[in-house]
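# I'd like to go over a predicted model; first the sequence, then the structure.
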Amino acid sequence: MKNLKVKLVNFSVARGNSRGELNLHWDAIENTVSYMIEISMLNSAGNSKWQILDIISDSFYTVRNLKSNKSYTFRIASIDEKGRKRVSDGKTKTAP
């Protein structure tokens, strides 16, 4: 099944308070019961794969223990009460 797209309003990825930390934030989406946080990073072969970091109910998330000076791409999937998933475009940021 193809993922449907969702446009997250005010989706941002910013430096966290500590080394290797990034803060993700977005405006809550109506009728969403949870959000799936996904991460992707290029490997040495130049390929990337999405991995699930967590499933949460808040519209913010702090990613910890990232490698400093490495770029990471994040996307958020909103999941409604029927289990339908809508996926945002990715945002890329280098970890401090």
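In hand now; what should we look at?
# lowest-scoring secondary structure element of this structure by mean pLDDT?
Ranked by mean pLDDT, DSSP states H and E, the helix or strand of the chain with the weakest confidence is strand 4-5, at a mean of 70.
# pull out the buried residues from stretch 67-75.
Residues of stretch 67-75 classed as buried by neighbour count (16 or more other Cβ atoms under 10 Å): 72, 73, 74, 75. (C-beta placed from N, C-alpha, C; glycine too.)
# residues making contact with that stretch?
For stretch 67-75, contacts defined as Cβ atoms under 8 Å, 6 or more residues apart in numbering pick out 13, 19-20, 22, 24, 37-42, 48, 50, 63, 66, 87-96.
# what's the first-to-last distance across that stretch?
Criterion Cα to Cα, to the nearest Å; first-to-last residue distance in stretch 67-75 is 18 Å.
# for it, what is the average pLDDT?
In this model, stretch 67-75 has a mean pLDDT of 95.
# what would the buried residues of stretch 67-75 look like in a markdown table with distance to residue 83 and secondary structure?
Shown next, in a markdown table, are the buried residues of stretch 67-75 (distance: Cβ to Cβ, whole Å; DSSP: H, G, I helix; E, B strand; the rest coil):
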| residue | distance to residue 83 | secondary structure |
| --- | --- | --- |
| 72 | 27 | strand |
| 73 | 25 | strand |
| 74 | 22 | strand |
| 75 | 18 | strand |
